[in-house]
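**Student:** Curious how this folds, go ahead:
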Amino acid sequence: MRGVPWLLVVVLALSFELALCKVCYDDVGCFSRVFFTCHHRHPESPAKIGTTFTLFTRSTAGDVGVGESMDRKIPSTITTSKFDARRGTKILIHGWKGSMEGYRWTGMRDALLLREDVNVIMVDWSLGARRQYPTSRANSRVVGRQVARLIEALNVHGGALYIDVHIIGHSLGAHIGGYAGSSTHEMIGRISGLDPAGPGFGGKRVRNFCRLDKSDATFVDVIHTDGELIAMGGLGLMDELGHQDFYPNGGTDMPNCYFSIICDHMKAIAYYTESISKSTPCRFRPTTWAPKWDNYKKGIQTRDCRNMACPDMGYTASPIHDEGVFYLKTNKYYPFCQG
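**Tutor:** Reported below is the predicted structural model:
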């Protein structure tokens, strides 16, 4: 019986600790801080993160860099905009220390609009992404919820179908896509993860809810370009996350990336943008397929893609092909595709 009071103290202490481990924001709900997991830090408030959503269509393309601001809490920003549910919707999300300014994301936006008549929504959370990495990583959870709520608003006020939503995210933006996909009322169509962030997300002990996972969308394709160990400067990860995981040049060191620590990490954006462009008819075709990365490393159950229908890497990847791990080589300079 002596142990009972102590047990009660422990239970009360744990209850108090759990109460302290949750933070709630009116806009996006509550976030728990669970020690010994990926979620061991509270995210900042939506006001501090300052996420913005900007819509671009072919109708706005004439005004260089000018889009329409969208706010899910103000339905008129959707209903009076040039958003058209009959078109597909592409949502672009940058990563740590990034923003939607600069040639990488504007180049992808323009390539998408040139290829197809689509809605392109650029998600800028640069204020929350400029923090120290652990804080930005925590902030990504809030941004994921914000993206999910926007998708739901597009469905309610704009008539968008969840299946027509395609998120394209780089680094932490890839995991934001996963958080968004796991938070919507219905499953979205596709998430393309471009070298998903590695620090804090890698390893077999990391739970699926902590990072992008193939359960987050009907189809999840991932490009790995900087999966080197963190100690060696790697910013991505080698773990399989999607239905189709592509490892160009082995997934760690990209050609012509010798002097910049972020070059490998950013190459995923360059490869993906090139796969969108019709000016280069070449397709990123894998040379080898394996059901698992471990199998590929051991040479077990690998097959030559020249003798089977392997999916393309990038924008034209398709769920009609086999799931698994795919390997291919790229050129050192643009155009990167070898066909």
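
**Student:** In this structure P43 contacts P134, no?
**Tutor:** No: at 10.6 Å, P43 does not count as touching P134 under the criterion of Cβ atoms under 8 Å. Any C-beta I mention is one placed from the backbone N, CA and C, and that applies to glycine too.

**Student:** Who has more neighbours out of the two?
**Tutor:** P43 (25 against 12; other Cβ atoms under 10 Å).

**Student:** gap between that one and I91?
**Tutor:** Separation of P43 from I91 (Cβ to Cβ, to the nearest Å): 20 Å.

**Student:** before we move on, the earlier item: what touches both of P43 and P134?
**Tutor:** When contacts are counted by Cβ atoms under 8 Å, 6 or more residues apart in numbering, P43 and P134 have no shared neighbour.

**Student:** Just to check, E186 is in contact with A160?
**Tutor:** No: look at E186 against A160 with Cβ under 8 Å: they stay out of range, at 10.9 Å.

**Student:** Any idea how many residues pack against V23?
**Tutor:** V23 has 15 nearby residues by other Cβ under 10 Å.

**Student:** swap in the one 10 residues further on?
**Tutor:** Counted with other Cβ under 10 Å, residues neighbouring R33 total 17.

**Student:** list the contacts for it?
**Tutor:** C21, K22, V23, H39, H40, R41, H42.

**Student:** need those residues in a markdown table with secondary structure, can you?
**Tutor:** A markdown table is the format used below for the contacts of R33 (DSSP: H, G, I helix; E, B strand; the rest coil):
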| residue | secondary structure |
| --- | --- |
| C21 | coil |
| K22 | strand |
| V23 | strand |
| H39 | coil |
| H40 | coil |
| R41 | coil |
| H42 | coil |
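
**Student:** which of those residues count as buried?
**Tutor:** Among the contacts of R33, those scoring as buried are H39, R41, H42 (criterion: 16 or more other Cβ atoms under 10 Å).

**Student:** Look up phi and psi at the spatially closest residue to the second one that is not a sequence neighbour.
**Tutor:** Sequence neighbours aside, A138 is the residue nearest to R41 in space, at 4.4 Å (criterion: Cβ to Cβ, 6 or more residues apart in numbering). The phi and psi values for A138, taken as degrees, to the nearest 10, are phi -70, psi -40.

**Student:** before we move on, the earlier item: check the contacts of R33 against D245 and report the nearest one.
**Tutor:** Closest approach to D245 among the contacts of R33 (Cβ to Cβ): H39, at 23.9 Å.

**Student:** gap between that closest one and S69?
**Tutor:** In terms of Cβ to Cβ, H39 sits 30 Å off from S69.

**Student:** what's the answer for Y272, then?
**Tutor:** 25 Å.

**Student:** Which one's more surrounded, these two?
**Tutor:** Shown here are Y272 and S69; by other Cβ under 10 Å, Y272 has more neighbours (24 against 11).

**Student:** contacting residues for the more buried one?
**Tutor:** With contacts defined as Cβ under 8 Å, 6+ apart, Y272 is in contact with M108, I168, S192, L194, I223, G314, Y315.

**Student:** if you set the cut-off to 10 Å instead, what comes out?
**Tutor:** Each residue near Y272 by Cβ atoms under 10 Å, 6 or more residues apart in numbering is listed here: 104, 108, 111, 168, 170, 192, 194-195, 221, 223, 284, 313-315, 317.

**Student:** Mind checking which of these land in helices?
**Tutor:** Under the assignment DSSP state H, those contribute R104, M108, A111 to helices.

**Student:** and which of those residues is nearest T252?
**Tutor:** Using Cβ to Cβ, the ones in helices among the contacts of Y272 come closest to T252 at R104, 20.7 Å.

**Student:** What secondary structure category should be reported for the closest residue to that closest one other than its chain neighbours?
**Tutor:** Leaving aside its sequence neighbours, R104 sits nearest to I269 (Cβ to Cβ, 6+ apart; 5.0 Å). Going by three-state DSSP, the secondary structure assigned to I269 is helix.

**Student:** residues in contact with I269?
**Tutor:** Contacts of I269 by Cβ under 10 Å, 6+ apart are 92, 94-95, 98, 104-105, 107-108, 168, 170-171, 194-195, 223, 225.

**Student:** again with F326
**Tutor:** F326 neighbours (Cβ under 10 Å, 6+ apart): 221, 223, 244-248, 284-290, 296, 305, 310-313, 317.

**Student:** which among the residues you listed end up buried?
**Tutor:** 221, 223, 244-248, 284-286, 288-290, 296, 305, 310-313, 317.

**Student:** tell me the SS of the residue nearest the centre of the chain?
**Tutor:** In the chain, the C-alpha closest to the average C-alpha coordinate belongs to A174, at a distance of 1.5 Å (Cα atoms, centre = their mean). Following three-state DSSP, A174 is assigned to helix.

**Student:** Distance-wise, check the residue nearest to R104 relative to G193.
**Tutor:** With Cβ to Cβ as the criterion, I269 and G193 are 12 Å apart.

**Student:** Which neighbours do these two have in common?
**Tutor:** Residues touching both I269 and G193 (Cβ under 10 Å, 6+ apart) are I168, H170, S171, I223.

**Student:** quick one, what contacts the spatially closest residue to the first one that is not a sequence neighbour?
**Tutor:** Just to be clear, that refers to I168. Excluding the flanking residues, the one nearest I168 by Cβ to Cβ, 6+ apart is S192, at 4.6 Å. Neighbouring residues of S192 by Cβ under 10 Å, 6+ apart: 90, 92, 166-170, 174, 177, 212, 217, 219-223, 242, 268, 272, 275, 314-315, 317.
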